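A.B. asks: Prediction below, plus the sequence it came from.
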Amino acid sequence: MVPTYNEKENLDELVRRVQQACSSAGLSAEIVIVDDNSPDGTGARAEEIAKTENLKVVHRSGKLGLSSAVLEGFKAASGSILVVMDADLSHPPEMIPEMVSKIESGEADVVVGSRYVKDGSVENWPFTRRIISKGATLLARWLTKVKDPMSGFFALKRSVIEGVALDPVGYKIGLEILVKGKYTKAVEVPIHFADRKAGKSKLGGGEYLRYIDHVILLYEYRKPWLSKYIKFSAVGLVGAIINSAILWTASEIFFVYYLLAAVLAFCVAATSNYYMNRRWTYRSKRSLPWQYAQFLAVSVCGLVLNLIILYGIVDVAMPALDIGMDKASLYLIAANLVAIFIVSIFNFFANSFWTFRDETRRR
């Protein structure tokens, strides 16, 4: 499976090396080129090669994305073992027989061509690209045990994806399969990741942002409650910053009575939290007014709970423990952090099972 966009200059060498590697190992290889209407004529050149080689060409209407191209390639392929690689010759076709043999022998269901296992390497990567790659790999660390989940060079049994709803965002279809696929064992083989031979890289800032969105969705799939709570807490942190900024501005600059300023700050922060949680944490599409009222009610209950916990610690527990006033401020901060943590859990579950109950059930 080879997705292409403006890869005409690499196509002949790619096909030659794939066929040579497979024929020397006694493998019969079918190459599927999925072209996104490349302006440089990649699709037309693929059709010419298909006249003499075992090659299928899938033409698409435009640049629709690498991951969806791979999925279309899976549909077009006839083999029981599927191999995915880039067209730019950064992935060594000579490794295909070893990857396929590990599947045929039953050693693995998925085989990943890895840059980050022993003897794996990359060629002439600048420092910034290494940092980006390592950072992206770190983001996916708790989704899979594979050391190079970012790899675009992998082989798998067709059964791994049969009946699996794959819906990748961006270009890391391999990570999607590692998280959602039906397999018992994935292994990695070392590869040397070479510089592309011709053409230009398709990666840019937009792809990196889509990757982050993809990772978030995969965490929601694999660890739905944890990922949702982390997002809920992140929204809460932003809300706390908004609350503090408005409280200080209203009381110190506009001389609003501090309790009124606190109420104003609470209302603005709660409203901000609601909209961010509605769009990001829960992706809700329900009617706004009643849902917003529910969220505010939970927030008010959380505020009351926070005050009760603070009172219990500061006015009951601290005097009982004979904590002097010289240490009171430090204990107050600690008590407030404890209260915030407890209230965040209360708010999260109250909103999950009441305010956003339909969205929670759907997931």
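C.D. replies: Arrived safely, thanks for sending.

A.B. asks: Please identify which helix or strand holds the residue sitting nearest the centre point of the chain.
C.D. replies: By Cα atoms, centre = their mean, the mean C-alpha position of the chain lies nearest to residue 215, the distance being 0.8 Å. Residue 215 belongs to helix 205-222 when assigned by DSSP states H and E.

A.B. asks: pLDDT averaged over that helix - what is it?
C.D. replies: Averaged across helix 205-222, pLDDT comes to 83.

A.B. asks: what comes up buried for it?
C.D. replies: By neighbour count on 16 or more other Cβ atoms under 10 Å, the buried set for helix 205-222 is 207, 210-211, 214-221. Quick note: C-beta positions are derived from backbone N, CA and C, even for glycine.

A.B. asks: Reformat those residues as CSV; add distance to residue 361.
C.D. replies: Listed next are the buried residues of helix 205-222 as CSV, based on distance: Cβ to Cβ, whole Å:
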residue, distance to residue 361
207, 33
210, 28
211, 29
214, 24
215, 24
216, 20
217, 18
218, 21
219, 19
220, 14
221, 16
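
A.B. asks: of the residues you listed, closest to residue 71?
C.D. replies: Distance to residue 71 across these (Cβ to Cβ) is lowest for residue 214, with 14.2 Å.

A.B. asks: neighbours of the nearest residue to that closest one once chain neighbours are set aside, just the number please.
C.D. replies: Of all residues not flanking residue 214 in the chain, residue 169 sits nearest, at 4.0 Å (Cβ to Cβ, 6 or more residues apart in numbering). Close neighbours of residue 169, defined as other Cβ atoms under 10 Å, add up to 18.

A.B. asks: Over to residue 271?
C.D. replies: A count of nearby residues for residue 271, using other Cβ under 10 Å, gives 16.

A.B. asks: in which helix or strand would I find it?
C.D. replies: Assigned by DSSP H and E, residue 271 falls within helix 258-276.

A.B. asks: Would you mind listing the buried residues in that helix?
C.D. replies: Judged by neighbour count (16+ other Cβ under 10 Å), helix 258-276 contains these buried residues: 261-262, 264-266, 268-274, 276.

A.B. asks: Which member of the residues you listed is positioned nearest residue 196?
C.D. replies: Using Cβ to Cβ, those come closest to residue 196 at residue 276, 39.8 Å.

A.B. asks: Now the element after the helix or strand hosting residue 342, going C-ward?
C.D. replies: Applying DSSP H and E as the criterion places residue 342 in helix 328-350. Downstream of helix 328-350, the first helix or strand assigned by DSSP H and E is helix 357-362.
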